[in-house]
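[1] the sequence isn't on hand, but the structure is:
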């Protein structure tokens, strides 16, 4: 069941992979702050960045204290790329490798351990039902 505070990741055939409790960053100030200055992140938690439309985006780890996996998703919620194990406090831009509308940040190393990558789909109420690869139920 989809809820605003849950990011449901699954394979394209609907097989569940993981559900993360998420904070939503859907305005410029929240997206700029992200997970900066946090000393830790619970294993099953993350932050979902929501943009008004698809576009190339780039993230950096300035003032971010923990390693993160940055998962870029298109407007239908399909993974387009993953920046794995982004280094804390690194100002190097980490680009989306395509047009993204959603970005999910989780603890570094989890994407690889869970098999999150191409073929993975996000279900979340922020993704319009008519556009979603796997709509919320």
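    Looks like it came in fine. Quick caveat: nothing in here was measured; it's all calculated off a predicted structure.

[2] where does the residue positioned nearest the centre of the chain land on pLDDT?
    Closest residue to the average C-alpha location of the chain: residue 104 at 0.9 Å, with Cα atoms, centre = their mean. Residue 104 is assigned a predicted lDDT (pLDDT) of 98.

[3] give me every residue that touches the nearest residue to it once chain neighbours are set aside.
    In space, and not counting its chain neighbours, residue 104 is closest to residue 71: 4.4 Å by Cβ to Cβ, 6 or more residues apart in numbering. Just so you know, the C-beta spots here come from the backbone N, C-alpha and C atoms, and that holds for glycine as well. Contact analysis of residue 71 by Cβ atoms under 8 Å, 6 or more residues apart in numbering lists 79, 81-82, 103-106, 111, 116, 120.

[4] so for the helix or strand of the chain with the lowest mean pLDDT, what gets flagged as buried?
    Sorting the helices and strands of the chain by mean pLDDT, DSSP states H and E puts helix 28-33 at the bottom, at a mean of 94. Using 16 or more other Cβ atoms under 10 Å as the burial criterion, the residues of helix 28-33 that qualify are residue 31.

[5] now do stretch 3-12
    Residues of stretch 3-12 classed as buried: 6-10 (neighbour count, 16+ other Cβ under 10 Å).
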